[in-house]
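Chemist: Could you work out the structure for the sequence below:
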Amino acid sequence: MLSTISFAFELPTGRTVLTVNGLISNTNSADSALFDQKMLDQLPQQTITTHTPWSEGKHTYTGFNAEALFKLVGIQGNTLNITALNDYTIEMPIDDFITNGAIFATHMNGVPMTIRNKGPIMVVYPFDERPQLKIETYFARSIWQIKSVSVK
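Modeler: Here you go, the predicted structure:
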């Protein structure tokens, strides 16, 4: 399990783009941690350049470091239920971000991802670096248009 950081953090000043709830110890609104894009952009960033089954060619995806987010909210579980704007939900182990190198991407080729192009947040794996991830299990976990994460 990841170590946690215990402190209060501010409410978003912009539109909330991500809600994290469930087994977390740090919140900024009732039992949830709410984030606007500015807050997510202030987390350490990671970049993956890879091909995906959903787009032509190789693209560069940049987004916030999942482990930093997990430490900030003080996760207490090992599994994530990630839900998209259309209420599609997937379950994935937190370990996918730590050992398999997945990121929460918010930009593609330097441009913020909009709802129209799978944003505002999408799970992206380093498929080109790790060909063993090119299987249905990881394709299914590459959820886009993320709105919430529930820690179990």
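
Chemist: Identify the residues contacting the longest strand along the chain?
Modeler: Ranked by number of residues, the top strand in the chain under DSSP state E is strand 55-64. Contact partners of strand 55-64, identified using Cβ atoms under 8 Å, 6 or more residues apart in numbering, comprise 40-41, 43-52, 103-110, 121-122, 124, 128. (Glycine included, C-beta is placed from N, CA and C.)

Chemist: tell me, how many neighbours does the nearest residue to Y61 once chain neighbours are set aside end up with?
Modeler: Of all residues not flanking Y61 in the chain, A105 sits nearest, at 3.8 Å (Cβ to Cβ, 6 or more residues apart in numbering). A105 has 27 neighbouring residues, counting by other Cβ atoms under 10 Å.

Chemist: Quick check: next helix or strand after the biggest helix by length in the chain?
Modeler: Secondary structure of the chain read by DSSP state H shows that its longest helix is helix 66-73. Later in the chain than helix 66-73, the nearest helix or strand by DSSP states H and E is strand 79-84.

Chemist: and the longest helix of the chain with strand 55-64, angle?
Modeler: Interaxial angle, helix 66-73 versus strand 55-64 (axes from the mean of the first three to the mean of the last three Cα atoms, to 10 degrees): 40 degrees.
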